[in-house]
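In: Quick check, what structure comes out for this input:
(one chain, ligands or ions: 1)
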Amino acid sequence: MPDAMEDRPALLRDGHGREVRYLRISVTDRCNLCCRYCRDEDVPFIPHENILRFEEIEKLIGLAVELGVHKLRFTGGEPFARKGFLEFLSGIHDRFPHTALKLTTNGTLLGPALDTLKKLGVSVNLSLDTLDREKYAAVTGHDMLPTVLDNMHRMLDMGIPLKINAVAMRGVNDVELPALASLAMDWPVDVRFIEFMPMGDTTIWSRNLFWSAADILETARRHWSLEPVALRRKGGEESEGKAAEERGPAKLWKLRSPDGTLSRGSFGLITSVTQSFCQSCNRLRLTAEGNLRTCLFDDTEYPIRDVLREKGLDAVRAVMLDAVARKPVGAEILAARHGPVAHKRMSAIGG
Ligand code: SAM
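Out: The predicted model follows:
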(Lines give C-alpha, C1' and ligand atoms only; values in the text may rest on other atoms or scores of the structure.)
Protein backbone atom coordinates (compact mmCIF):
# COMPACT_ATOMS: atom_id res chain seq x y z
CA MET A 1 0.00 0.00 0.00
CA PRO A 2 1.58 3.32 -0.99
CA ASP A 3 2.51 5.63 1.86
CA ALA A 4 0.17 8.28 0.48
CA MET A 5 -2.79 6.16 1.64
CA GLU A 6 -1.28 5.12 4.96
CA ASP A 7 -0.41 8.70 5.75
CA ARG A 8 -3.87 10.05 4.99
CA PRO A 9 -4.99 11.65 8.28
CA ALA A 10 -7.29 9.56 10.43
CA LEU A 11 -10.31 11.79 10.89
CA LEU A 12 -12.31 9.02 12.55
CA ARG A 13 -11.15 9.17 16.17
CA ASP A 14 -12.91 7.99 19.25
CA GLY A 15 -13.01 9.25 22.81
CA HIS A 16 -10.37 6.71 23.86
CA GLY A 17 -7.76 7.99 21.42
CA ARG A 18 -8.27 5.15 18.94
CA GLU A 19 -8.18 5.84 15.19
CA VAL A 20 -10.62 3.98 12.97
CA ARG A 21 -8.85 2.81 9.82
CA TYR A 22 -10.71 -0.38 9.06
CA LEU A 23 -14.26 -0.76 7.75
CA ARG A 24 -15.99 -4.14 7.74
CA ILE A 25 -18.92 -4.23 5.39
CA SER A 26 -21.69 -6.80 5.47
CA VAL A 27 -23.01 -6.96 1.91
CA THR A 28 -25.87 -9.27 2.83
CA ASP A 29 -27.37 -11.03 5.83
CA ARG A 30 -28.14 -14.04 3.62
CA CYS A 31 -26.00 -17.13 3.77
CA ASN A 32 -26.16 -20.46 1.98
CA LEU A 33 -24.98 -22.19 5.18
CA CYS A 34 -26.65 -22.13 8.55
CA CYS A 35 -23.92 -22.52 11.17
CA ARG A 36 -25.78 -23.28 14.36
CA TYR A 37 -23.94 -20.72 16.45
CA CYS A 38 -24.05 -17.97 13.82
CA ARG A 39 -27.42 -17.84 12.10
CA ASP A 40 -30.89 -18.58 13.35
CA GLU A 41 -33.00 -20.28 10.67
CA ASP A 42 -36.18 -18.82 12.17
CA VAL A 43 -35.03 -15.22 11.80
CA PRO A 44 -36.26 -13.97 8.39
CA PHE A 45 -33.80 -12.36 6.00
CA ILE A 46 -33.94 -8.59 5.59
CA PRO A 47 -36.19 -7.62 2.64
CA HIS A 48 -34.21 -6.57 -0.45
CA GLU A 49 -35.42 -2.95 -0.43
CA ASN A 50 -33.97 -2.51 3.06
CA ILE A 51 -30.50 -3.70 2.06
CA LEU A 52 -27.95 -1.13 0.95
CA ARG A 53 -27.64 -1.03 -2.83
CA PHE A 54 -24.11 -1.58 -4.18
CA GLU A 55 -23.88 2.01 -5.40
CA GLU A 56 -24.81 3.17 -1.91
CA ILE A 57 -22.10 1.02 -0.34
CA GLU A 58 -19.63 2.48 -2.85
CA LYS A 59 -20.57 6.02 -1.82
CA LEU A 60 -20.13 5.12 1.86
CA ILE A 61 -16.74 3.57 1.14
CA GLY A 62 -15.73 6.80 -0.63
CA LEU A 63 -16.64 8.74 2.50
CA ALA A 64 -14.82 6.32 4.81
CA VAL A 65 -11.68 6.44 2.65
CA GLU A 66 -11.80 10.23 2.67
CA LEU A 67 -11.92 10.03 6.48
CA GLY A 68 -8.81 7.85 6.64
CA VAL A 69 -10.02 4.25 6.26
CA HIS A 70 -7.48 2.22 4.29
CA LYS A 71 -8.62 -1.32 4.83
CA LEU A 72 -11.96 -2.83 3.77
CA ARG A 73 -13.31 -6.26 4.60
CA PHE A 74 -16.39 -7.63 2.87
CA THR A 75 -18.39 -10.12 4.85
CA GLY A 76 -21.96 -11.11 5.60
CA GLY A 77 -23.96 -13.42 5.70
CA GLU A 78 -22.02 -14.90 2.82
CA PRO A 79 -20.74 -12.20 0.44
CA PHE A 80 -20.97 -14.52 -2.56
CA ALA A 81 -24.62 -15.23 -1.76
CA ARG A 82 -25.35 -11.72 -3.05
CA LYS A 83 -25.81 -11.56 -6.81
CA GLY A 84 -23.28 -9.28 -8.50
CA PHE A 85 -20.85 -9.23 -5.56
CA LEU A 86 -17.75 -10.02 -7.63
CA GLU A 87 -18.48 -7.28 -10.16
CA PHE A 88 -19.06 -4.88 -7.27
CA LEU A 89 -15.72 -5.89 -5.72
CA SER A 90 -13.93 -5.31 -9.05
CA GLY A 91 -15.50 -1.85 -9.23
CA ILE A 92 -14.32 -1.05 -5.69
CA HIS A 93 -10.81 -2.16 -6.63
CA ASP A 94 -10.82 0.10 -9.69
CA ARG A 95 -12.12 3.11 -7.79
CA PHE A 96 -9.96 2.64 -4.66
CA PRO A 97 -6.82 0.95 -6.01
CA HIS A 98 -4.72 1.77 -2.93
CA THR A 99 -7.19 0.44 -0.38
CA ALA A 100 -6.52 -3.07 0.97
CA LEU A 101 -9.39 -5.38 0.05
CA LYS A 102 -10.18 -8.39 2.23
CA LEU A 103 -12.93 -10.95 2.28
CA THR A 104 -14.43 -13.29 4.85
CA THR A 105 -16.17 -16.27 3.30
CA ASN A 106 -17.30 -19.82 3.96
CA GLY A 107 -15.60 -20.79 0.69
CA THR A 108 -18.51 -22.76 -0.76
CA LEU A 109 -19.26 -20.41 -3.67
CA LEU A 110 -15.73 -19.24 -4.41
CA GLY A 111 -14.85 -21.46 -7.37
CA PRO A 112 -15.85 -19.18 -10.27
CA ALA A 113 -14.44 -16.10 -8.47
CA LEU A 114 -10.89 -17.27 -7.83
CA ASP A 115 -9.20 -15.88 -10.95
CA THR A 116 -10.72 -12.46 -10.32
CA LEU A 117 -9.78 -12.50 -6.63
CA LYS A 118 -6.21 -13.30 -7.60
CA LYS A 119 -6.17 -10.52 -10.20
CA LEU A 120 -7.57 -7.98 -7.72
CA GLY A 121 -5.10 -8.98 -4.98
CA VAL A 122 -7.88 -9.69 -2.48
CA SER A 123 -6.86 -11.48 0.75
CA VAL A 124 -9.24 -14.18 1.91
CA ASN A 125 -10.22 -15.32 5.39
CA LEU A 126 -11.77 -18.75 5.05
CA SER A 127 -14.07 -19.94 7.82
CA LEU A 128 -13.41 -23.61 8.42
CA ASP A 129 -14.26 -25.07 11.82
CA THR A 130 -13.69 -28.74 11.05
CA LEU A 131 -12.09 -31.10 8.54
CA ASP A 132 -14.56 -33.85 9.35
CA ARG A 133 -17.28 -34.09 6.72
CA GLU A 134 -20.04 -35.25 9.06
CA LYS A 135 -19.23 -32.63 11.66
CA TYR A 136 -19.10 -29.96 8.99
CA ALA A 137 -22.58 -30.93 7.85
CA ALA A 138 -23.83 -30.99 11.44
CA VAL A 139 -22.41 -27.55 12.28
CA THR A 140 -23.29 -25.80 9.00
CA GLY A 141 -26.40 -27.75 8.02
CA HIS A 142 -24.87 -28.55 4.61
CA ASP A 143 -22.63 -31.32 3.30
CA MET A 144 -20.22 -28.98 1.53
CA LEU A 145 -16.80 -29.73 3.04
CA PRO A 146 -15.36 -31.25 -0.18
CA THR A 147 -16.20 -28.09 -2.14
CA VAL A 148 -14.62 -25.88 0.53
CA LEU A 149 -11.44 -27.97 0.66
CA ASP A 150 -11.21 -27.98 -3.11
CA ASN A 151 -11.46 -24.17 -3.18
CA MET A 152 -8.98 -23.89 -0.31
CA HIS A 153 -6.40 -25.96 -2.20
CA ARG A 154 -6.98 -23.97 -5.37
CA MET A 155 -6.35 -20.73 -3.45
CA LEU A 156 -3.16 -22.15 -1.96
CA ASP A 157 -1.97 -23.29 -5.39
CA MET A 158 -2.78 -19.89 -6.90
CA GLY A 159 -0.98 -18.02 -4.12
CA ILE A 160 -4.06 -16.08 -2.98
CA PRO A 161 -3.24 -14.68 0.49
CA LEU A 162 -5.24 -16.91 2.83
CA LYS A 163 -6.04 -17.22 6.50
CA ILE A 164 -8.14 -19.99 7.96
CA ASN A 165 -10.42 -19.17 10.87
CA ALA A 166 -11.89 -21.87 13.10
CA VAL A 167 -14.28 -21.00 15.90
CA ALA A 168 -12.97 -22.99 18.86
CA MET A 169 -15.66 -25.32 20.20
CA ARG A 170 -15.00 -27.76 22.99
CA GLY A 171 -16.45 -31.13 22.16
CA VAL A 172 -16.71 -30.22 18.49
CA ASN A 173 -13.34 -29.34 17.01
CA ASP A 174 -10.99 -29.61 20.01
CA VAL A 175 -9.87 -33.06 18.88
CA GLU A 176 -9.11 -31.59 15.48
CA LEU A 177 -6.55 -29.09 16.61
CA PRO A 178 -3.64 -31.17 15.27
CA ALA A 179 -5.31 -31.68 11.89
CA LEU A 180 -6.36 -28.05 11.46
CA ALA A 181 -3.08 -26.59 12.69
CA SER A 182 -1.18 -29.00 10.44
CA LEU A 183 -2.42 -26.97 7.50
CA ALA A 184 0.00 -24.29 8.73
CA MET A 185 2.83 -26.87 8.79
CA ASP A 186 2.29 -27.73 5.14
CA TRP A 187 1.20 -24.40 3.62
CA PRO A 188 2.10 -20.71 4.03
CA VAL A 189 -1.22 -20.09 5.70
CA ASP A 190 -2.21 -18.77 9.13
CA VAL A 191 -4.63 -21.06 10.95
CA ARG A 192 -6.35 -19.12 13.71
CA PHE A 193 -8.65 -20.38 16.43
CA ILE A 194 -11.21 -17.79 17.50
CA GLU A 195 -12.74 -17.82 20.96
CA PHE A 196 -16.48 -18.32 20.78
CA MET A 197 -18.25 -15.04 21.49
CA PRO A 198 -21.56 -15.10 23.38
CA MET A 199 -23.72 -13.31 20.82
CA GLY A 200 -27.45 -13.62 20.28
CA ASP A 201 -29.33 -16.62 21.53
CA THR A 202 -26.41 -19.00 21.52
CA THR A 203 -27.18 -20.57 24.88
CA ILE A 204 -27.69 -24.10 23.59
CA TRP A 205 -24.40 -24.00 21.81
CA SER A 206 -22.31 -21.96 24.17
CA ARG A 207 -23.11 -23.51 27.53
CA ASN A 208 -20.40 -26.15 27.53
CA LEU A 209 -18.78 -25.23 24.32
CA PHE A 210 -16.40 -22.45 25.26
CA TRP A 211 -12.79 -23.47 24.75
CA SER A 212 -10.43 -20.78 25.98
CA ALA A 213 -7.29 -19.62 24.22
CA ALA A 214 -5.21 -20.72 27.22
CA ASP A 215 -6.55 -24.28 26.90
CA ILE A 216 -6.08 -24.27 23.14
CA LEU A 217 -2.49 -23.17 23.60
CA GLU A 218 -1.86 -25.92 26.11
CA THR A 219 -3.26 -28.48 23.65
CA ALA A 220 -1.08 -27.13 20.83
CA ARG A 221 2.03 -27.37 23.03
CA ARG A 222 1.45 -31.13 23.36
CA HIS A 223 2.09 -31.45 19.63
CA TRP A 224 4.61 -28.76 18.73
CA SER A 225 7.04 -26.25 20.21
CA LEU A 226 5.59 -22.83 19.66
CA GLU A 227 7.79 -19.93 18.59
CA PRO A 228 6.14 -16.50 18.79
CA VAL A 229 6.01 -14.53 15.56
CA ALA A 230 7.49 -11.13 16.37
CA LEU A 231 5.55 -8.00 15.68
CA ARG A 232 7.17 -5.87 13.02
CA ARG A 233 6.76 -2.22 13.93
CA LYS A 234 6.34 0.47 11.32
CA GLY A 235 9.66 2.27 10.92
CA GLY A 236 11.39 -0.37 13.06
CA GLU A 237 14.02 -2.79 11.88
CA GLU A 238 12.99 -5.30 9.26
CA SER A 239 12.42 -8.65 10.90
CA GLU A 240 10.77 -11.96 10.23
CA GLY A 241 7.63 -10.69 11.90
CA LYS A 242 4.35 -9.57 10.49
CA ALA A 243 3.19 -5.98 10.46
CA ALA A 244 0.60 -5.30 13.18
CA GLU A 245 -1.85 -4.19 10.49
CA GLU A 246 -1.53 -7.48 8.66
CA ARG A 247 -1.84 -9.81 11.63
CA GLY A 248 -4.82 -8.00 13.15
CA PRO A 249 -5.76 -9.03 16.66
CA ALA A 250 -4.30 -12.56 16.38
CA LYS A 251 -1.41 -13.79 18.49
CA LEU A 252 0.74 -15.88 16.17
CA TRP A 253 3.28 -18.68 16.57
CA LYS A 254 5.40 -20.75 14.24
CA LEU A 255 5.08 -24.46 14.97
CA ARG A 256 8.14 -26.66 15.29
CA SER A 257 7.45 -30.37 15.09
CA PRO A 258 9.40 -32.92 17.20
CA ASP A 259 11.66 -33.69 14.18
CA GLY A 260 12.67 -30.01 14.03
CA THR A 261 10.58 -29.01 11.01
CA LEU A 262 9.32 -25.44 11.18
CA SER A 263 5.83 -24.64 9.93
CA ARG A 264 5.48 -22.67 6.69
CA GLY A 265 2.52 -20.74 8.04
CA SER A 266 1.53 -19.77 11.56
CA PHE A 267 -0.81 -20.93 14.27
CA GLY A 268 -2.91 -18.15 15.78
CA LEU A 269 -5.34 -17.36 18.55
CA ILE A 270 -7.93 -14.64 18.58
CA THR A 271 -8.69 -14.10 22.24
CA SER A 272 -11.82 -11.99 21.86
CA VAL A 273 -13.21 -13.09 25.21
CA THR A 274 -10.39 -13.92 27.63
CA GLN A 275 -7.90 -11.24 26.59
CA SER A 276 -9.51 -8.42 24.74
CA PHE A 277 -7.71 -6.31 22.17
CA CYS A 278 -10.16 -3.43 22.48
CA GLN A 279 -7.46 -0.91 23.32
CA SER A 280 -6.13 -1.19 19.77
CA CYS A 281 -9.47 -1.72 18.00
CA ASN A 282 -9.53 0.31 14.79
CA ARG A 283 -12.76 -1.12 13.36
CA LEU A 284 -16.07 0.19 12.24
CA ARG A 285 -18.83 -2.04 10.90
CA LEU A 286 -21.51 -1.39 8.32
CA THR A 287 -24.45 -3.81 8.49
CA ALA A 288 -26.29 -5.00 5.39
CA GLU A 289 -29.29 -2.77 6.11
CA GLY A 290 -27.02 0.24 6.47
CA ASN A 291 -26.34 0.68 10.17
CA LEU A 292 -22.98 1.71 11.54
CA ARG A 293 -21.85 -0.40 14.44
CA THR A 294 -18.76 0.59 16.36
CA CYS A 295 -18.38 -2.47 18.59
CA LEU A 296 -19.34 -6.11 18.18
CA PHE A 297 -20.35 -6.32 21.84
CA ASP A 298 -22.46 -3.17 21.92
CA ASP A 299 -25.97 -3.27 20.47
CA THR A 300 -25.95 0.43 19.61
CA GLU A 301 -26.25 0.92 15.86
CA TYR A 302 -26.44 4.18 13.90
CA PRO A 303 -28.81 3.92 10.91
CA ILE A 304 -27.38 5.72 7.88
CA ARG A 305 -29.25 4.16 4.93
CA ASP A 306 -32.15 6.60 5.10
CA VAL A 307 -29.85 9.47 6.01
CA LEU A 308 -27.96 8.75 2.79
CA ARG A 309 -31.14 8.35 0.72
CA GLU A 310 -32.88 11.43 2.11
CA LYS A 311 -30.16 13.86 3.13
CA GLY A 312 -26.97 12.84 1.35
CA LEU A 313 -23.35 12.13 2.20
CA ASP A 314 -22.65 15.26 4.24
CA ALA A 315 -25.33 14.23 6.71
CA VAL A 316 -23.87 10.70 6.81
CA ARG A 317 -20.44 12.13 7.51
CA ALA A 318 -21.77 13.84 10.65
CA VAL A 319 -23.35 10.58 11.87
CA MET A 320 -20.17 8.64 11.15
CA LEU A 321 -17.95 11.07 13.04
CA ASP A 322 -20.36 11.10 15.98
CA ALA A 323 -20.70 7.28 16.04
CA VAL A 324 -16.94 6.80 16.07
CA ALA A 325 -16.49 9.45 18.76
CA ARG A 326 -18.76 7.34 21.00
CA LYS A 327 -17.10 3.98 20.22
CA PRO A 328 -17.17 1.98 23.45
CA VAL A 329 -14.67 -0.48 24.90
CA GLY A 330 -16.19 -3.91 24.27
CA ALA A 331 -14.26 -5.63 27.05
CA GLU A 332 -16.03 -3.47 29.62
CA ILE A 333 -19.41 -4.51 28.21
CA LEU A 334 -18.37 -8.17 28.26
CA ALA A 335 -17.11 -7.94 31.84
CA ALA A 336 -20.35 -6.36 33.02
CA ARG A 337 -22.68 -8.99 31.51
CA HIS A 338 -23.25 -12.62 32.25
CA GLY A 339 -25.53 -13.51 29.34
CA PRO A 340 -25.02 -12.83 25.64
CA VAL A 341 -23.26 -9.53 24.96
CA ALA A 342 -25.19 -8.67 21.83
CA HIS A 343 -28.74 -9.45 20.84
CA LYS A 344 -27.99 -10.12 17.22
CA ARG A 345 -26.06 -13.10 16.04
CA MET A 346 -22.97 -12.65 13.93
CA SER A 347 -24.66 -13.33 10.57
CA ALA A 348 -27.00 -10.39 11.20
CA ILE A 349 -24.17 -8.04 12.13
CA GLY A 350 -21.44 -9.13 9.74
CA GLY A 351 -18.63 -11.20 11.18
N1 SAM B 1 -20.20 -16.31 5.66
C2 SAM B 1 -18.89 -15.82 5.88
C3 SAM B 1 -18.05 -16.84 6.60
O4 SAM B 1 -18.51 -17.93 6.88
O5 SAM B 1 -16.88 -16.55 6.84
C6 SAM B 1 -18.81 -14.48 6.59
C7 SAM B 1 -19.72 -14.20 7.72
S8 SAM B 1 -19.50 -15.18 9.19
C9 SAM B 1 -20.65 -14.37 10.24
C10 SAM B 1 -17.92 -14.62 9.77
C11 SAM B 1 -17.28 -15.41 10.84
O12 SAM B 1 -17.93 -15.21 12.08
C13 SAM B 1 -17.23 -16.90 10.64
O14 SAM B 1 -15.90 -17.31 10.70
C15 SAM B 1 -17.99 -17.45 11.82
O16 SAM B 1 -17.49 -18.68 12.22
C17 SAM B 1 -17.74 -16.37 12.85
N18 SAM B 1 -18.66 -16.39 13.98
C19 SAM B 1 -20.00 -16.42 13.95
N20 SAM B 1 -20.53 -16.43 15.20
C21 SAM B 1 -19.48 -16.40 16.05
C22 SAM B 1 -19.36 -16.38 17.48
N23 SAM B 1 -20.42 -16.40 18.26
N24 SAM B 1 -18.12 -16.34 18.00
C25 SAM B 1 -17.02 -16.31 17.19
N26 SAM B 1 -17.07 -16.31 15.85
C27 SAM B 1 -18.28 -16.37 15.28
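
In: Look at the residue of the chain found nearest the ligand and report its pLDDT.
Out: Using Cβ to the nearest ligand atom, G351 is the residue of the chain that sits closest to the ligand, at 2.5 Å. In this view, the C-beta of every residue, glycine as well, is placed from N, C-alpha and C. Per-residue confidence (pLDDT) for G351: 81.

In: Wait, it touches N106, no?
Out: No - here G351 lies out of contact with N106, judged by Cβ atoms under 8 Å, at a distance of 10.3 Å.

In: Those two: who's more crowded?
Out: N106 (27 against 24; other Cβ atoms under 10 Å).

In: Run through the residues that contact the more buried one.
Out: C31, N32, L33, E78, L126, S127, T140, V148 (Cβ atoms under 8 Å, 6 or more residues apart in numbering).

In: Those also near the ligand: which ones?
Out: The residues of these that also fall near the ligand, by Cβ under 6 Å from any ligand atom, are C31, E78, S127.

In: What ranges in the protein fall below the confidence cut-off?
Out: 1-7, 201-207, 232-247 (pLDDT under 70).

In: hey, where'd the strands end up in it?
Out: All strands of the chain, identified by DSSP state E, fall at 22-26, 71-75, 100-105, 123-127, 162-167, 190-194, 225-228, 231-232, 242-243, 251-256, 266-270, 283-286, 291-293, 302-303.

In: Close to the ligand: what parts of the stretch 151-300 of the chain are there?
Out: Counting by Cβ under 6 Å from any ligand atom, the residues of the stretch 151-300 of the chain near the ligand are N165, V167, I194, F196, M197, M199, T202.

In: Generate a ChimeraX selection restricted to the buried entries among the residues you listed.
Out: Those of these that count as buried under 16 or more other Cβ atoms under 10 Å are selected in ChimeraX with:
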select :165,167,194,196,197,199,202
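
In: Export the residues of the stretch 151-300 of the chain next to the ligand as JSON lines, with columns for distance to A315.
Out: Shown next, in JSON lines, are those (distance: Cβ to Cβ, whole Å):
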{"residue": "N165", "distance to A315": "36"}
{"residue": "V167", "distance to A315": "38"}
{"residue": "I194", "distance to A315": "36"}
{"residue": "F196", "distance to A315": "38"}
{"residue": "M197", "distance to A315": "33"}
{"residue": "M199", "distance to A315": "30"}
{"residue": "T202", "distance to A315": "36"}
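
In: quick one: which two of the residues of the stretch 151-300 of the chain next to the ligand are the most distant?
Out: N165 and T202 (17.2 Å; Cβ to Cβ).

In: Neighbours of E227, how many?
Out: 16.

In: number of nearby residues for the closest residue to it other than its chain neighbours?
Out: Computed as Cβ to Cβ, 6 or more residues apart in numbering, the closest residue to E227 that is not its neighbour in sequence is K254, at 4.5 Å. Around K254 there are 19 other residues, counting by other Cβ under 10 Å.

In: Lovely, talk soon.
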